[in-house]
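> Make a model of this:
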Amino acid sequence: MAIQWFPGHMHLTQKAIGERIKNIDVVIELLDARLPGSSANPMLAELTAGKPALKVLNKQDLADPARTADWLAHYNALPGTRALALDASVATPAKALVKACFELAPNRGGMVKPMRVLICGIPNVGKSTLINTLTGKRAAKTGDEAGITKLEQRISLADDFYLYDTPGVLWPRIIVAKSGYNLAASGAIGRNAFNEEEVALELLDYLKTHYADLLAARYKLDTVGALNDEELLEAIGRKRGALQGGKRVNLQKAAEIVIYDFRAAAMGRITLETPAEFAQWLSEGRKLDAKRQIRKDAIELDRLVRFKKIPRPS
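You can find the predicted model right below:
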C-alpha cells in the first residue's frame, strides 16, 4: 500500500511558502529525529533552494543517540546548512536556534535589517511546541495530531527577529514507500490515510532486525528473531491482552499498541533510518517514479490519439 496524505490546506501552504521565501533570510526545517530523511520534505527543499538552512532534529530524546549523531554529521556536511538536535520543549537548547540563525546570516540584525526566519516542517513534528518554548508563551496551537496549524503566523522573538510559522506540509506524492510507513508510525499522517495493522507490521519488520533487544524487553518475548512479522504482532497482542472472542488476538488493537509504544518511546530510543538507508530508499523510489511517469505519459498519449487531439505518431 502506498500511503498518501495531502489535505487542501497543504496546497495553500505550498503557495504561501513560495511567496514568503522571497523575503526570508534563513529557513529552519524541523525534522523528526526518529526519521530525519523521511521527514525532510523535498518540496520544501525546492521552494527554499539557495537560502541558508538550519535543520533541527526535534524529539531527539525519543531517538537513538548514535543515529542522531550520524544524521547531524550528514546535514552539517552540506553547504549552507547547519544542524542541531533538541527536544522542542526544553528552553535552553531551543534558544540556540536564534544564535545559529545569526551565524547563518551574519549581515542581518538590528531594526534596519531585522532577521526574517521561516520555520517549516511536516505535520506533528513539534513546530508549535518549539515556537511556544522560544516565545515563553502559548503563541501557537499544539496537539498530538497531524495538521493543527492551518494559517501562517508572524511571531516576534525580538525587535529585530521575526519568525514566520507555516502549517505542517507533506509533499503531494510520497515516492519512497518506506517513508510513508515511517511517517504514519510517527503520527505525521492523518489516521484515515493508512491501515494501522499494515503500518505496525512494517514497523516490526524493521525493529526486529535493528532493535530486537528492545522489542524482547518491552513485550517479554524470547523468540523475536524466529517470528515473522505477523507472528510477532500476534505474540505482542497476546502478551498485552489484546484478545477478542475465543481468545483470538485482536490484530487491530495489537497494531495500535505497537504504534503507540513507538511514538511514546516505551520500547526505548529508536530511529527508523540511517543516512545510508534513506539514500538507498530514495534512489529506488526515484527509479520507480520514473517508470510510473513513463507509463502515465504513454496512457495520456494514447488517450490524445484516440480522441484525435493529436495525430497518430508515424
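> Excluding covalently adjacent residues, which one is nearest to the residue nearest the centre of the chain?
Taking Cα atoms, centre = their mean, the centroid of the chain lies closest to Ser39, which sits 2.4 Å from it. Closest residue to Ser39 apart from its sequence neighbours, by Cβ to Cβ, 6 or more residues apart in numbering: Asp32 at 4.2 Å. To be clear about C-beta, it is placed using only N, CA and C from the backbone, and glycine gets the same treatment.
> ok, the residue nearest to the centre of the chain - contacts?
31-32, 121-122, 125, 183, 186, 188 (Cβ atoms under 8 Å, 6 or more residues apart in numbering).
> how about a cut-off of 10 Å?
29-33, 57-59, 121-125, 170, 179, 182-183, 186, 188, 273 (Cβ atoms under 10 Å, 6 or more residues apart in numbering).
> Weed out the non-buried ones from those residues.
Among those, the ones that count as buried by 16 or more other Cβ atoms under 10 Å are 29-33, 57-59, 121-125, 170, 179, 182-183, 186, 188, 273.
> Return the subset of those lying in strands.
Here DSSP state E is the test, and the buried ones among the contacts of Ser39 give 29-32, 57-58, 121 as lying in strands.
> after the one helix or strand Glu202 maps to comes which helix or strand?
Assigned by DSSP states H and E, Glu202 falls within helix 196-210. Remark: after helix 196-210, the chain's next helix or strand is helix 212-219, criterion DSSP H and E.
> quick one: average pLDDT of that following helix?
Mean per-residue pLDDT for helix 212-219: 96.
> Ok, stretch 61-70 next?
Rounded mean pLDDT across stretch 61-70 is 97.
> Same question for stretch 163-176.
Rounded mean pLDDT across stretch 163-176 is 77.
> Take it, keep the C-alpha atoms, and write them as PDB.
What follows is stretch 163-176 as a C-alpha-only set of coordinates in PDB (Å, rounded to 0.1, in the frame of the first residue of the first chain):
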ATOM      1  CA  LEU A 163       9.700  34.200  12.900                       C
ATOM      2  CA  TYR A 164       7.200  33.100  10.300                       C
ATOM      3  CA  ASP A 165       5.300  29.900  11.200                       C
ATOM      4  CA  THR A 166       3.600  27.800   8.500                       C
ATOM      5  CA  PRO A 167       1.200  24.900   8.700                       C
ATOM      6  CA  GLY A 168       2.800  21.400   8.500                       C
ATOM      7  CA  VAL A 169       3.000  20.200   4.900                       C
ATOM      8  CA  LEU A 170       3.800  16.900   3.300                       C
ATOM      9  CA  TRP A 171       4.600  16.600  -0.400                       C
ATOM     10  CA  PRO A 172       1.800  15.900  -2.900                       C
ATOM     11  CA  ARG A 173       3.000  12.300  -3.500                       C
ATOM     12  CA  ILE A 174       5.400  10.300  -1.400                       C
ATOM     13  CA  ILE A 175       7.700   8.400  -3.700                       C
ATOM     14  CA  VAL A 176       9.600   6.500  -1.000                       C
END
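> Touching, Gln14 and Thr48? I think so.
No - in this structure, Gln14 is not within contact of Thr48 by Cβ atoms under 10 Å, at 11.6 Å.
> Now the common contact residues for the two.
In contact with both Gln14 and Thr48: Asn41, using Cβ under 10 Å, 6+ apart.
> Need the per-residue pLDDT for the residue nearest to Ser39.
96.
> so it makes contact with Ile189?
No - checked against Cβ under 10 Å, the pair Asp32 and Ile189 is beyond contact range at 12.0 Å.
> Tell me where the model's unsure across this structure.
1-13, 137-152, 168, 170-172, 305, 308-310, 312-314 (pLDDT under 70).
> remind me, longest helix of it?
Identified as the longest helix of the chain according to DSSP state H is helix 275-306.
> angle of that helix against helix 196-210?
Orientation of helix 275-306 against helix 196-210 (axes from the mean of the first three to the mean of the last three Cα atoms, to 10 degrees) gives an angle of 140 degrees.
> residues of helix 275-306 that come out buried?
275, 278, 281-282, 285.
> can you list those in CSV and add distance to His210?
Output for the buried residues of helix 275-306, formatted as CSV (distance: Cβ to Cβ, whole Å):
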residue, distance to His210
Pro275, 14
Phe278, 14
Trp281, 14
Leu282, 19
Gly285, 20
